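Asker: sequence isn't available, so here's the structure alone:
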């Protein structure tokens, strides 16, 4: 049997596209840098909250949404550099145990938005950290089929869950998110309120 | 001096309904009461608390973040590159350690520069006092709603009853 490190590695955009293919109307908070730009290009939707700054804050924002929306899954698209910057937030998630929190970490082992300087995720397994602090479901994958299988399972399980996807360093040719920050917030807020009054 | 529950009820009266933060002795009584009421979600860092509060706001809550002024230092980036530009408000209740230079050494620099830090960031603030409390709270609610940015209330030692560490 092939181990998770032996399959074909995807680019982050390919992995993100696979995850998006299973997302219906769930809110998604996307960390800053290229992940937000790629998410905008792959599937812009009102339920996406694109961060353009505040590196490290994606999981905290997602946690705030998840605590107030216990009956819908809340998804965070994060990066290894972002997770490492706020490693303490993993402890907060592990302690509070929001069942509806899904943390998708696209781990390319570099600070890809600033020139591919290496991160410590090359030697520190963030999935093991998540497991240690109390995430309920933790999976480490790299192949498209495994991404689809595990993410689909997490959509139907009680969390908190972390899907760590090992991806390569390739970055899409994408522009900055062309929306004003306050427009991103207002649009996301309206979409959330609409889903709560359904 | 006022009781912690009275202070929290004033916040609730303004509509505040999500409370997070990182403790300080000055905030001890307020946090103890909030925990007793199961209203408080502890954070491990102040910038995480601000991020959580921001998520809660987007989901329809009126959030409060409690922190020592040292935690404002930890929060500068998230306030600058999230709340202020996305217009995501929150009420910051900041305990003012090092006020007038009377505190342990680690509080003196931040204690002296607290008002200037907030002014530089263009975060509106007021220093709470017993005499002006009602007016301070109504100013806070007005500013929060009109400007949709973080608003700070500075809390000095001795205004709200606390618990002994």
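Answerer: Structure's in. What do you need? Keep in mind that what you see is a predicted model, and the values were worked out from it rather than measured.
Asker: excluding its backbone neighbours, what's nearest residue B:125?
Answerer: Closest residue to residue B:125 apart from its sequence neighbours, by C-beta to C-beta, 6 or more residues apart in numbering or on different chains: residue B:152 at 3.8 Å. C-betas here are computed from N, CA, C, even on glycine.
Asker: tell me the bridge partners for that neighbour.
Answerer: residue B:92, residue B:125 (DSSP bridges).
Asker: show me what contacts it?
Answerer: B:91-94, B:118, B:123-126 (C-beta atoms under 8 Å, 6 or more residues apart in numbering or on different chains).
Asker: over to residue B:130?
Answerer: Contacts for residue B:130 (C-beta under 8 Å, 6+ apart) come out as B:1-2, B:159.
Asker: so residue A:51 versus chain B, what's the distance?
Answerer: Look at residue A:51 and chain B: by C-beta to the nearest C-beta, to the nearest Å, they are 7 Å apart.
Asker: closest one of the contacts of residue B:130 to residue B:84?
Answerer: residue B:159 (27.3 Å; C-beta to C-beta).
Asker: quick one: the closest one and residue B:1 touch, right?
Answerer: Yes: under the criterion of C-beta atoms under 8 Å, residue B:159 makes contact with residue B:1 at 6.6 Å.
Asker: which one's more surrounded, those two?
Answerer: residue B:159 (19 against 9; other C-beta atoms under 10 Å in any protein chain shown).
Asker: any weak-confidence spans in chain B?
Answerer: The model of chain B has pLDDT under 70 over residues B:165.
Asker: what is the burial count for residue 24?
Answerer: Using chain A here. Neighbour count for residue A:24, taken as other C-beta under 10 Å: 7.
Asker: to clarify, I was referring to chain B.
Answerer: For residue B:24, using other C-beta under 10 Å, the count is 23.
Asker: quick one: it from chain A, how far?
Answerer: Residue B:24 is 18 Å from chain A, by C-beta to the nearest C-beta.
Asker: same thing with residue B:80?
Answerer: 8 Å.
Asker: leaving aside the residues next to it on the chain, what's closest to residue B:40?
Answerer: In space, and not counting its chain neighbours, residue B:40 is closest to residue B:34: 3.8 Å by C-beta to C-beta, 6+ apart.
Asker: quickly find the element holding residue A:89.
Answerer: According to DSSP states H and E, residue A:89 maps onto helix A:87-96.
Asker: show me what that helix is packed against.
Answerer: On a contact count with 3 or more C-beta pairs under 8 Å, 6 or more residues apart in numbering or on different chains; DSSP states H and E, helix A:87-96 meets helix A:58-68, helix A:126-133, helix B:46-58.
Asker: now tabulate those in a markdown table and tack on distance to residue B:17 and mean neighbour count.
Answerer: As requested, the helices and strands packed on helix A:87-96 are arranged in a markdown table below (distance: least, C-beta to C-beta, whole Å; neighbours: other C-beta atoms under 10 Å in any protein chain shown):
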| stretch | distance to residue B:17 | mean neighbour count |
| --- | --- | --- |
| helix A:58-68 | 10 | 29 |
| helix A:126-133 | 28 | 19 |
| helix B:46-58 | 9 | 30 |
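Asker: for those helices, which one sits closest to residue A:182?
Answerer: helix B:46-58 (12.0 Å).
Asker: chain A contacts on chain B?
Answerer: Contact residues, chain B versus chain A (C-beta under 8 Å from any C-beta of the partner chain): B:18, B:41-45, B:47-61, B:63, B:77-78, B:80-82, B:85-88.
Asker: and chain A, which residues reach chain B?
Answerer: A:29, A:49, A:51-69, A:86, A:88-89, A:91-92, A:96, A:181-182, A:184-185, A:188-189, A:192-193, A:196.
Asker: let me know whether residue A:21 touches residue A:148 as I believe.
Answerer: Yes: if you go by C-beta under 8 Å, residue A:21 and residue A:148 touch, sitting 7.4 Å apart.
Asker: what residues does the lengthiest helix in chain A touch?
Answerer: Ranked by residue count, the top helix of chain A under DSSP state H comes out as helix A:181-196. If you take C-beta under 8 Å, 6+ apart as the criterion, helix A:181-196 is touched by A:25, A:27, A:45-50, A:52, A:65, A:69, A:72, A:177, A:179, B:58-60, B:85-88.
Asker: can you pull out the strands in chain B?
Answerer: For chain B, applying DSSP state E gives strands covering B:18-21, B:40-42, B:63-68, B:91-95, B:125-127, B:151-155.
Asker: before we move on, what about chain A?
Answerer: So, for chain A - with DSSP E - the strands run A:28-30, A:48-50, A:74-79, A:101-107, A:110-111, A:117-118, A:137-141, A:161-166.
Asker: what would those look like in CSV with mean pLDDT, mean neighbour count and distance to residue A:128?
Answerer: CSV is the format used below for those (pLDDT from 0 to 100; neighbours: other C-beta atoms under 10 Å in any protein chain shown; distance: least, C-beta to C-beta, whole Å):
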stretch, mean pLDDT, mean neighbour count, distance to residue A:128
strand A:28-30, 98, 27, 23
strand A:48-50, 98, 26, 28
strand A:74-79, 98, 28, 16
strand A:101-107, 98, 26, 12
strand A:110-111, 96, 19, 20
strand A:117-118, 96, 10, 19
strand A:137-141, 97, 20, 8
strand A:161-166, 98, 26, 9
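Asker: just put these in a markdown table and tack on distance to residue B:112.
Answerer: Below are the strands of chain A laid out as a markdown table (distance: least, C-beta to C-beta, whole Å):
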| stretch | distance to residue B:112 |
| --- | --- |
| strand A:28-30 | 37 |
| strand A:48-50 | 37 |
| strand A:74-79 | 37 |
| strand A:101-107 | 40 |
| strand A:110-111 | 35 |
| strand A:117-118 | 36 |
| strand A:137-141 | 46 |
| strand A:161-166 | 42 |
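Asker: sweet, I'm off.
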